[in-house]
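Student: Sequence first, predicted coordinates after that:
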Amino acid sequence: MNKPFLSFDDQINYLQNEKNLTIPDKEYTLKTLKQIGYFGLIGGYKNPFKNPTTKKYKDGTTFDEIVDLYKFDENLRELFFKYIMIIERNIRSLLSYYFTEKHGQQQNCYLDEKNYYRNKDTKELIVRLDNLANKNNDYDYINHQRVKYGNVLLWVVVCALPLGSLSKFYGCLTPDLKVKISKNFDKVNEKQLEQYLSVITKFRNVCAHNERLFSYQTKNAIPNTALHEKLNIPKKGTEYIYGKRDLFSLVVSFRYLLSNEDFKKFQLNLNKIINHYLKNARSLTETSLYSYMGFPINWKKITSLKK
């Protein structure tokens with residue numbers, strides 16, 4: 001049975017009287033619930049503050065602490081999304097360049113199934129490219145190419161593809177093109193790049209849709225890397241405990257797919273966001289936060305370690 005509808009005032013009373021949450025400022029709480037929503041805020045960020053036995057909040061937990069965690073996660077999403085976009089732009093450029101270099105710049109080249117390694121995504125990809133090149137009117141730059149030249153170049157049409165579609169495009173390429181693209185990234189082969197892109201796509205969607213990021217985990221994993229070993233990340237069976245499906249796996253992916261300069265800027269800002277949150281956090285310790293995020297305690301060494 002679904003939970004009953006509660007007014008904003010009822011939500012506040014429920015949190016305070018039934019769930020043991022301290023509400024220092026009811027007016028602020030009401031305003032925040034209206035802005036974010038009960039499910040997005042409480043449903044998404046309550047777990048670190050709950051007593052696992054009673055299912056209520058730990059004594060002394062305040063509404064403000066949940067909001068602070070939400071805002072911390074919001075800052076994380078903004079930062080990670082910025083650098084995912086850098087990778088997306090790079091993949092878009094490399095993919096269109098090497099495909100056109102091999103097959104030519106006529107649009108019938110990227111609409112020809114013979115120019116791909118056929119898998120479950122190939123037909124769907126071609127249908128999408130055909131729709132963008134010949135039917136869709138949402139993009140002025142594509143319309144201009146279609147009307148003026150009667151040929152929409154691949155490096156134009158891929159600008160309308162998000163990372164998920166670019167990842168599938170890469171997966172549909174013939175092995176020689178995958179190798180050419182992967183060689184642009186140090187210590188990354190074609191299979192590993194496919195794994196990275198698949199995982200990064202999941203995190204991109206979380207960021208784009210304003211979902212909870214700090215504790216998110218994907219079903220698929222990035223490859224084992226030299227960084228996992230050099231950070232002495234423990235294993236459970238054959239899989240590393242951290243850095244495979246969690247947020248730290250995205251940090252590892254960035255280390256391999258971003259330039260050294262971009263990664264250093266990213267890590268500097270990530271460190272600032274984490275330190276700012278921990279400075280004011282009452283209930284969540286550094287160790288506990290890292291555990292939710294999948295970060296090893298020595299994660300800051302990642303920049304100085306060789307890949």
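Tutor: Nice, I can see it.

Student: looking at the chain, which residue ends up farthest from its center?
Tutor: K148 (37.3 Å; CA atoms, centre = their mean).

Student: Tell me where the model's unsure across this protein.
Tutor: 1 (pLDDT under 70).

Student: what residue lies at the spatial centre of it?
Tutor: F203 (1.9 Å).

Student: shouldn't that one be in contact with N220?
Tutor: No: with contacts counted by CB atoms under 8 Å, F203 stays clear of N220, the gap being 11.5 Å. (Glycine included, C-beta is placed from N, CA and C.)

Student: Which SSE is immediately downstream of the top helix by length along the chain?
Tutor: Longest helix in the chain by number of residues, with DSSP state H as the criterion: helix 63-103. Proceeding N to C from helix 63-103, the next assigned helix or strand is helix 107-110, under DSSP states H and E.

Student: Contacts for that following helix next, please.
Tutor: F99, T100, H103, N115, I126, L129, A133, N151, V152, L153, L154, V157 (CB atoms under 8 Å, 6 or more residues apart in numbering).

Student: host element of the residue farthest from the centre of the chain?
Tutor: Going by DSSP H and E, K148 is part of helix 140-149.

Student: Now do that helix: distance to the chain's middle.
Tutor: 32 Å (CA atoms, centre = their mean, to the nearest Å).

Student: For that helix, enumerate the helices and strands it packs against.
Tutor: helix 122-134, helix 154-157 (3 or more CB pairs under 8 Å, 6 or more residues apart in numbering; DSSP states H and E).

Student: try it again with 7 Å
Tutor: Using 3 or more CB pairs under 7 Å, 6 or more residues apart in numbering; DSSP states H and E as the contact test, the elements touching helix 140-149 are helix 154-157.

Student: List the buried residues of the helix it packs on.
Tutor: Within helix 154-157, the residues that count as buried by 16 or more other CB atoms under 10 Å are L154, V156, V157.

Student: Relative to the whole chain's centre, how far out is the next helix or strand after it?
Tutor: Where DSSP H and E defines the elements, the next helix or strand beyond helix 154-157 is helix 163-172. Distance of helix 163-172 from its chain centroid, counting by CA atoms, centre = their mean, is 15 Å.

Student: Then stretch 234-250?
Tutor: That offset, for stretch 234-250, works out to 16 Å (CA atoms, centre = their mean).

Student: Flag every buried residue along the helix holding K148.
Tutor: I142, Q145, R146.

Student: ok, now stretch 189-200?
Tutor: For stretch 189-200, using 16+ other CB under 10 Å, the buried residues are E190, Q192, L193, E194, Q195, Y196, L197, S198, V199, I200.

Student: Just the C-alpha atoms of that stretch, please, in PDB.
Tutor: Provided in PDB are the C-alpha atoms of stretch 189-200 (Å, rounded to 0.1, in the frame of the first residue of the first chain):
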ATOM      1  CA  ASN A 189      42.800   0.000 -24.300                       C
ATOM      2  CA  GLU A 190      39.700  -0.300 -26.400                       C
ATOM      3  CA  LYS A 191      37.900  -2.700 -24.000                       C
ATOM      4  CA  GLN A 192      38.700  -0.600 -21.000                       C
ATOM      5  CA  LEU A 193      37.500   2.600 -22.600                       C
ATOM      6  CA  GLU A 194      34.200   0.900 -23.400                       C
ATOM      7  CA  GLN A 195      33.800   0.000 -19.700                       C
ATOM      8  CA  TYR A 196      34.700   3.500 -18.600                       C
ATOM      9  CA  LEU A 197      32.200   5.100 -20.900                       C
ATOM     10  CA  SER A 198      29.400   2.800 -19.800                       C
ATOM     11  CA  VAL A 199      29.900   3.600 -16.100                       C
ATOM     12  CA  ILE A 200      30.400   7.300 -16.700                       C
END
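
Student: outside of that stretch, which residues touch it?
Tutor: 84, 87, 91, 163, 167, 170-171, 175, 178-179, 181-182, 185, 218, 220-223, 249-250, 253, 256-257 (CB atoms under 7 Å, 6 or more residues apart in numbering).

Student: Just the buried residues of those residues.
Tutor: Neighbour counting over the contacts of stretch 189-200 (16+ other CB under 10 Å) leaves 84, 87, 91, 163, 167, 170-171, 178, 181-182, 185, 218, 221-223, 249-250, 253, 256-257 as the buried ones.

Student: if I look at the residue farthest from the centre of the chain, how far off is V188?
Tutor: Applying CB to CB, to the nearest Å, the value for K148 to V188 is 38 Å.

Student: shouldn't S249 be in contact with I222?
Tutor: Yes: here S249 reaches I222: they are 4.8 Å apart, a contact under CB atoms under 7 Å.

Student: give the contact list for the closest residue to K46 other than its chain neighbours.
Tutor: Leaving aside its sequence neighbours, K46 sits nearest to I66 (CB to CB, 6 or more residues apart in numbering; 6.5 Å). Contacts for I66 (CB under 7 Å, 6+ apart) come out as L41, I42, Y45, K46, F49.
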